[in-house]
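In: Coordinates only, no sequence provided:
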Ligand SMILES: NC(=O)c1ccc[n+]([C@@H]2O[C@H](COP(=O)([O-])OP(=O)(O)OC[C@H]3O[C@@H](n4cnc5c(N)ncnc54)[C@H](OP(=O)(O)O)[C@@H]3O)[C@@H](O)[C@H]2O)c1
């Protein structure tokens, strides 16, 4: 997901710094022809940006955020979902009680909380905006079809941050739809979000 977001931004001429768990050397060949705009760095360096996109698996979220410098009101886009990625031989894959086993996923136990509000607690001082988490990566490469622009929901407590992120989505060729405060992101959180599965297009 993070790679798709980085490529979509770079394709619009927007500079992006990317990081992963294996270090910048492992990302040396990632950018390809977009290398003018995509730069690899450590997590600590990448997380100094004015707008940071969080696109790691839920199990790594707290650890990654613990390595970020002070947020000082910078924007943190939460593209994550509170799910566990299952090993192919995990019994959870075929457990009839797990409706997402066929996808190799299982809902993480977050005690009924809103996962983005947990992200906000792990990133004190960040203006957290939830978006990207409810779409599939190919939409970023093909944001529009013959009928119009793909709709992407945006939720966050800070209206200015929401607007800034919406402007970014607009630059990517997507249509941002404001949901409201971060608490409203429950409706786009996987699993369980009531707006999930909708493929909306803005003519
Ligand atoms: N894929 C989708 O269709 C989709 C759609 C919407 C939302 N999401 C959400 O987006 C997030 C990422 O999903 P994904 O499918 O892109 O997973 P992924 O393919 O496993 O990619 C995860 C990325 O996070 C990096 N990472 C993992 N642990 C890290 C750590 N401790 N420190 C720094 N980097 C770390 C990984 O780097 P290394 O490879 O070096 O470990 C990798 O680049 C998840 O929360 C997922 O729920 C995914």
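Out: On my side now, so go ahead. Note that the structure is a prediction, hence the values are computed from the model and not measured.

In: wait, does the strand or helix carrying residue 117 contact the ligand?
Out: Residue 117 belongs to helix 115-122 when elements are defined using DSSP states H and E. No. Using Cβ under 6 Å from any ligand atom, helix 115-122 stays clear of the ligand, with a minimum separation of 9.1 Å. Just so you know, the C-beta spots here come from the backbone N, C-alpha and C atoms, and that holds for glycine as well.

In: mean confidence score for that helix?
Out: For helix 115-122, mean pLDDT is 98.

In: next SSE after it?
Out: strand 127-130.

In: in the helix holding residue 117, what counts as buried?
Out: By 16 or more other Cβ atoms under 10 Å, the buried positions in helix 115-122 come out as 115, 116, 117, 118, 119, 120, 122.

In: between those, which is nearest residue 196?
Out: Using Cβ to Cβ, residue 115 comes nearest to residue 196 of these, at 13.5 Å.

In: which residues are contacting stretch 80-94?
Out: Contacts to stretch 80-94, defined as Cβ atoms under 8 Å, 6 or more residues apart in numbering, come from residues 54-59, 61, 98, 100-102, 104-108, 110, 115, 118-119, 133, 189-191.

In: Report the buried members of those residues.
Out: Counted by 16+ other Cβ under 10 Å, the contacts of stretch 80-94 give 54-58, 61, 98, 100-101, 105-108, 115, 118-119, 133, 189-190 as buried.

In: thinking again about what came up before, mind listing which of the contacts of stretch 80-94 are in helices?
Out: Taking DSSP state H, the ones among the contacts of stretch 80-94 that sit in helices are 58, 59, 61, 115, 118, 119.

In: how about TSV for those residues, with distance to residue 168 added?
Out: Converted to TSV, the ones in helices among the contacts of stretch 80-94 look like this (distance: Cβ to Cβ, whole Å):
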residue	distance to residue 168
58	23
59	27
61	21
115	22
118	23
119	18
